[in-house]
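K.L.:
sequence first, predicted model second:
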Amino acid sequence: LFCSLKDATVENLVIDSSCSFTGRYAGALSVLVAGSSTVKNVTNTAAVSGTERVGGLIGSMRDFEQPSVVSFEDCVNGANVTGTGTGTWSWNNYVGGFIGDVYNVKGGTVSFTECVNEGNVTSRASNNGGFIGFIQNKNENVSMSFSGCSNHGSVNGTSSIGGFIGDISSGTVIINMVFSDCSNDGDITGSEMETSIAGFIGSISSDNASVTFLSCSSHGSVSGKNQVGGFIGEINNDQNVKVVVSDCTVHGSLTGTKYVGGLFGYVSPNANMEITISGFLSDASMTCDQYAGGLFGSISSGKNITLIISNCTNDIAITGTDRLGGIIGSVTSDMTMSLSNCINNGNISGRTYIGGFIGTFGGSQESIVTISNSTNNGIVHGTSNLAAGFIGSISFSSFLQSIAVNFMNSANKGTASASNGMACGFFCVDPL
């Protein structure tokens with residue numbers, strides 16, 4: 001309808017399905033948003049397609065010259081949004097159910113309140129999301145909130161595909177993002193490259209990011225090859241990142257080959273990161289091969305990582321080959337980890353490095369692991385070697401580098417067995 005919005009208010013509008021919008025940049029409401037705007041009670045049912053920066057309502061939000069506020073309230077996208085880019089644009093279409101991409105925003109605030117995406121978001125490229133395709137470089141001090149929002153549409157592409165956001169780029173400096181009472185019911189699928197696929201955010205590679213999930217849930221099917229997560233597919237190569245998850249659940253199904261987690265697929269390599277999880281339930285079905293866990297697939301190559309998990313339950317039965325855990329598949333980071341009041345009810349089975357809580361731990365430089373008031377109820381089995389009620393394997397080299405493992409008031413009420421090697425009640429030390 002519009003080429004650009006700035007200092008605008010749009011209310012009580014229906015864009016009918018008899019319309020359609022096609023262009024290089026495309027959006028049913030506006031191609032661009034270049035400043036403060038309020039969008040309230042707007043519904044789009046008109047199909048949108050374009051080469052790049054394609055959104056159900058807004059093609060691109062960009063080039064804010066001063067702090068601005070953009071708000072969406074009681075809005076619905078009910079139309080399919082399609083990226084058609086080929087050739088030069090075949091790798092990145094930036095397609096979103098509401099906004100294609102966010103670029104060069106300085107000090108902006110973006111909010112979504114009681115908004116719903118019902119349309120299918122599709123392209124043959126990366127960076128696609130049920131709400132926003134790509135939050136890319138040159139953004140600074142951006143605050144973004146989603147309250148009472150849901151995605152019901154399917155989201156498809158190659159990599160960095162999310163039920164809400166496809167990718168938060170490495171060029172974004174300081175982003176504060178909060179999801180409260182939000183849900184994803186859509187099927188999220190990666191094809192071809194098939195990496196960084198998740199129910200909420202496909203991938204995060206932004207320094208100084210703060211992401212919070214409060215009372216959120218993922219119910220849809222999430223499938224790809226690697227880095228598949230119920231909430232976040234990948235947190236990669238970041239510094240000073242903080243993630244908080246409180247009273248959230250994952251249902252539906254998770255399918256991948258490697259790095260598959262009920263909450264996060266792959267966390268690597270990051271520095272000075274703090275992750276706090278409280279009150280999380282994993283009861284999805286999972287299909288995987290290796291590096292898979294009820295909460296995390298893998299935490300790898302990190303420095304100074306703090307992980308605090310409390311009051312969490314895993315009900316996912318995990319079957320694969322190696323590095324499988326009821327909470328975390330594999331840890332090879334320097335970190336302080338605390339797990340308290342956690343329960344694993346899922347049966348965990350594979351070849352080797354199999355644990356009721358952690359498949360394998362290879363931290364160094366005085367890493368500390370504390371497990372308190374926690375219980376493994378699952379049957380843990382390795383067809384080869386190294387299976388345990390809590391930690392399937394701790395590398396011998398980690399012990400030589402002053403790793404500390406503490407258990408307090410915890411119990412293995414399940415069983416641990418290995419057909420051709422070492423099985424332990426609490427943890428095994430890999431002698432190799």
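P.N.:
Cool, the structure landed. Note that the structure is a prediction, hence the values are computed from the model and not measured.
K.L.:
in contact with Ser221, which residues?
P.N.:
By Cβ atoms under 8 Å, 6 or more residues apart in numbering, Ser221 lies in contact with 187-189, 252-253, 255. Placement of C-beta: from N, CA and C, glycine included.
K.L.:
and with 6 Å instead?
P.N.:
Going by Cβ atoms under 6 Å, 6 or more residues apart in numbering, Ser221 touches 187, 252-253.
K.L.:
and Ile132, by the same measure?
P.N.:
Here Ile132 is in contact with 96, 99, 165 (criterion: Cβ under 6 Å, 6+ apart).
K.L.:
would you turn these into TSV with distance to Phe2, neighbour count and pLDDT?
P.N.:
Converted to TSV, the contacts of Ile132 look like this (distance: Cβ to Cβ, whole Å; neighbours: other Cβ atoms under 10 Å; pLDDT from 0 to 100):
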residue	distance to Phe2	neighbour count	pLDDT
Gly96	18	36	98
Ile99	14	30	98
Ile165	24	32	98
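K.L.:
my read: Val211 touches Val243, true?
P.N.:
Yes - if you go by Cβ atoms under 6 Å, Val211 and Val243 touch, sitting 5.1 Å apart.
K.L.:
thinking again about what came up before, which ones among the contacts of Ile132 map onto strands?
P.N.:
96, 99, 165 (DSSP state E).
K.L.:
pretty sure the first one is touching Gly133, no?
P.N.:
Pointing back at Gly96 there. Yes - with contact defined as Cβ under 6 Å, Gly96 reaches Gly133; the gap is 3.9 Å.
K.L.:
now tabulate the ones in strands among the contacts of Ile132 in CSV and tack on distance to Leu307.
P.N.:
Below are the ones in strands among the contacts of Ile132 laid out as CSV (distance: Cβ to Cβ, whole Å):
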residue, distance to Leu307
Gly96, 31
Ile99, 32
Ile165, 23
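K.L.:
return the member of those nearest to Ile232.
P.N.:
Set against Ile232, the nearest of the ones in strands among the contacts of Ile132 by Cβ to Cβ is Ile165 (9.6 Å).
K.L.:
so that closest one makes contact with Gly202?
P.N.:
No - counting by Cβ under 6 Å, Ile165 does not reach Gly202; the two are 7.0 Å apart.
K.L.:
report the central residue of this protein.
P.N.:
Ile232 (0.6 Å; Cα atoms, centre = their mean).
K.L.:
hey, what's that residue bridged with?
P.N.:
In this structure, Ile232 bridges to Ile201, Phe264 when assessed by DSSP bridges.
K.L.:
the residue nearest to Ser301 when sequence neighbours are not counted: how many residues sit nearby?
P.N.:
In space, and not counting its chain neighbours, Ser301 is closest to Pro269: 3.5 Å by Cβ to Cβ, 6 or more residues apart in numbering. For Pro269, the neighbour count with other Cβ atoms under 10 Å is 15.
K.L.:
same thing with the one 3 residues further on?
P.N.:
Residue crowding around Asn272 was assessed by other Cβ under 10 Å; the count is 16.
K.L.:
check for me that it belongs to a strand.
P.N.:
Yes - applying DSSP: H, G, I helix; E, B strand; the rest coil, one finds Asn272 inside a strand.
K.L.:
my read is that it contacts Val241, right?
P.N.:
No - taking contacts as Cβ under 6 Å, Asn272 lies outside contact range of Val241: 7.9 Å.
K.L.:
which residues are in contact with each of the two?
P.N.:
Joint contacts of Asn272 and Val241 (Cβ under 6 Å, 6+ apart) do not exist.
K.L.:
now do the buried residues in the helix or strand containing Phe146.
P.N.:
According to DSSP states H and E, Phe146 maps onto strand 140-147. Applying a neighbour-count criterion of 16 or more other Cβ atoms under 10 Å, the buried positions in strand 140-147 are 141-147.
K.L.:
export it to CSV, keeping only CA atoms.
P.N.:
In CSV, the C-alpha atoms belonging to strand 140-147 read as follows (Å, rounded to 0.1, in the frame of the first residue of the first chain):
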residue,chain,number,x,y,z
GLU,A,140,23.0,-0.7,17.6
ASN,A,141,21.2,-0.6,20.9
VAL,A,142,18.1,-2.2,19.6
SER,A,143,15.4,-3.4,22.1
MET,A,144,12.7,-5.8,20.9
SER,A,145,9.8,-7.4,22.6
PHE,A,146,7.2,-10.0,21.8
SER,A,147,4.3,-10.3,24.2
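K.L.:
need the residues that contact that strand.
P.N.:
Contacts of strand 140-147 (Cβ under 6 Å, 6+ apart): 105-113, 173-180, 182.
K.L.:
please consider this matter closed, and thank you.
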